[in-house]
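1. Here's a sequence, model it:
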Amino acid sequence: MAAPSDLPDYAALARDIKRWAIELGFAEAGISGTGLAEDERHLQRWLDGGHHGEMEYMARHGTRRSRPAELEPGTQRIISVRMDYIPPGAANAWQVLGDAEAGYVSRYALGRDYHKLMRNRLQKLAERIHDVVGDFGYRAYVDSAPVLEKALARNAGLGWIGKHTVLINRRAGSYFFLGELYTDLPLPMDTPANEHCGTCTRCIDVCPTQAIVGPYQLDAKRCISYLTIELKGSIPEELRAPMGNRIFGCDDCQLVCPWNKFAQVATEADFAPRHRLDGAKLVELFGWTEEEFLKRTEGMAIRRTGYDGWLRNIAVALGNAPPSAAARDALNARAGHASAIVREHVAWALERQADAAVAG
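-> Presented below is the predicted three-dimensional model:
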C-alpha cells in the first residue's frame, strides 16, 4: 500500500485537468461523482410514458445509463467537458427559418461531426493524466454509450438542465457538446449547478410541434430532431406542417432562450458550415443524388438520417414551401422513387403544393 506521501495531490490534479481540458480545445471541464438516483427515477418515468419512441436503446441498457460503475466497473469520478459549437460565419438562424424556400439544418450539424473529434481530445486528456499518476482506469464517451451526460455535467457544475431538457450554462448558453471521461481516480468533486430558468416558458411556448409537454418533460415522438433524425419510418401527418422548413434537427427552443445571449462562437474551425448548408435552397438539396449526398456529408452528423431520410425530410419542407413550379418539378422528379417512404412524403407534398396554389 502506498504511503500518504506517495499518493497524488488530487486537488492539484483536478485543477490541472481543467486547465489541460481548455488547452485541448474544450470550453470547460468539471468533476462529479456517480450518484444519479433521482435522475434514474426521472428516466424511468420518461420511459414508462413511452416518450422515447423508436429509441429502444434508451430502455435496453437498463440501469447502466444511470449507474456509471455498472457501465465501467471501478468508476469513482466522471470528468465532464463541454465544447462550444455555434459555427463561425453561419447564416442567421431566424433568417433561414423565415425563408420557406431554404432548408434549415440544426446549427450543431453544419460542419464536422463532433464525436470523433471530442473523443480524440478526451484520449489526449487521459494521456496527460497518465503522465502524472501512471496507469489508471478510464474510458472516454461522446454519445457512444448509455450515459446520462446532462445530469453528470450538471453535477460537475457545467450548467443546469433547462425546461427544454437541454443543459444551460450561465456564461455560455446551451450551444455546446458534452463528453465524459469515466475514471477510477478519487478526485475532488465540483458543486452541482443551480437551476436558473425561473418562471420563463419561452422554450415550451415556441416548440413547433408542442414536444415539450411540461417543464423538463420532452415527448421525443413529437420532437422535430427525433422526427428528422431518429425516426426511420413515416412522419405522422399531423406533425408535418408544423415542421416548416426544418430538414435536420431543430433549434427553436434554444433560439428563444434568454441565456443564449451569452453563447460563444466555436473556436473549432471544423465546425464551420459546409456546402452552404446553413441556408441552401430546398430544391437544390432535393436534387442531390445519393452519391452526392454521401460525398458531401462525409464526416458530418447529417449522415445519420440516411439518403432516404434526407429526401423524406426535404419533401415535407417542400410541401410546406410556397407553391412554385420549381418545387413541383423537383417533387415530381422523385414521385417514382424506389423508397416507399420517400414516395409517400412526396405525394403528400405535391398535394400540399396543389392545394396552396389553388388557395393562392
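2. alpha carbons only for contacts and neighbour counts from here, please
-> Will do.
3. Lowest average confidence across helices and strands, show me which element that is in the chain.
-> The helix or strand of the chain with the poorest confidence is helix 57-60; it has a mean of 68 (mean pLDDT, DSSP states H and E).
4. After it, which helix or strand is next?
-> helix 68-71 (DSSP states H and E).
5. And that next one, what's buried?
-> Applying a neighbour-count criterion of 16 or more other CA atoms under 10 Å, the buried positions in helix 68-71 are P68, A69, L71.
6. Centre of the chain to that helix, how far?
-> In terms of CA atoms, centre = their mean, to the nearest Å, the gap separating the centre of helix 68-71 from the centre of its chain is 23 Å.
7. Make 37 the starting number, not 1.
-> Sure, I'll start numbering at 37, so the last one becomes helix 104-107.
8. residue ranges with poor pLDDT in the chain?
-> Counting by pLDDT under 70, the chain has low-confidence residues at 37-42, 93-95, 396.
9. and if we set it to 80?
-> Flagging of the chain using pLDDT under 80 yields the residue ranges 37-43, 84, 86-98, 393, 396.
10. Please spell out which residues along stretch 306-326 are buried.
-> Residues of stretch 306-326 classed as buried: 306-310, 313-319, 321-322 (neighbour count, 16+ other CA under 10 Å).
11. What's the end-to-end length of that stretch?
-> Between the opening and closing residues of stretch 306-326 there is a gap of 24 Å (CA to CA, to the nearest Å).
12. What is the distance between it and the centre of its chain?
-> In terms of CA atoms, centre = their mean, the centre of stretch 306-326 is found 19 Å from the chain centre.
13. what sits up against that stretch?
-> Stretch 306-326 is contacted from outside by 121-127, 132, 137-141, 143-144, 146-149, 332, 343, 347, 350-351, 353-354, 362-363, 366, using CA atoms under 8 Å, 6 or more residues apart in numbering.
14. Keep only those of those residues that are in helices.
-> Counting by DSSP state H, the members of the contacts of stretch 306-326 that fall within helices are V132, R332, Y343, L347, I350, A351, A353, L354, A362, A363, A366.
15. From H166, how far out is the third one?
-> Read that as Y343. In this view, Y343 and H166 are 42 Å apart by CA to CA.
16. quick one, which of the two is more surrounded?
-> Using other CA atoms under 10 Å, the more surrounded residue of Y343 and H166 is Y343, with 19 against 13.
17. Hmm, F329 and that one touching each other?
-> Yes - between Y343 and F329 there is a contact at 6.7 Å, judged by CA atoms under 8 Å.
18. Please, which helix or strand holds R175?
-> strand 174-177.
19. how far is that strand from where the chain is centred?
-> Computed by CA atoms, centre = their mean, the chain-centroid distance of strand 174-177 equals 19 Å.
20. Which residues does the helix or strand that it is followed by contact?
-> Remark: after strand 174-177, the chain's next helix or strand is helix 185-191, criterion DSSP H and E. Judged by CA under 8 Å, 6+ apart, the contacts made with helix 185-191 from elsewhere in the structure are 66-70, 72, 75, 114, 116-117, 195-197, 202-203, 214-216, 226-229.
21. in its sheet, what does the helix or strand following helix 185-191 sit against?
-> Beyond helix 185-191 on the C-terminal side, the first helix or strand identified by DSSP H and E is strand 196-197. Take DSSP bridges as the rule and strand 196-197 pairs in its sheet with strand 203-204 (antiparallel).
22. Past the strand it pairs with, which element shows up next along the chain?
-> Downstream of strand 203-204, the next assigned helix or strand under DSSP H and E is strand 212-219.
23. Any buried residues in whatever helix or strand comes next after that following strand, and which?
-> Scanning forward in sequence from strand 212-219 by DSSP H and E, the next helix or strand is helix 238-242. Neighbour-count burial for helix 238-242, counted by 16+ other CA under 10 Å, picks out R238, C239, I240, V242.
24. One more: stretch 196-205?
-> Going by neighbour count (16+ other CA under 10 Å), the buried part of stretch 196-205 is W196, I197, G198, K199, H200, T201, V202, L203, I204, N205.
25. from the residues you listed, which single one is nearest E387?
-> Within these, proximity to E387 (CA to CA) peaks at H200, which comes in at 33.6 Å.
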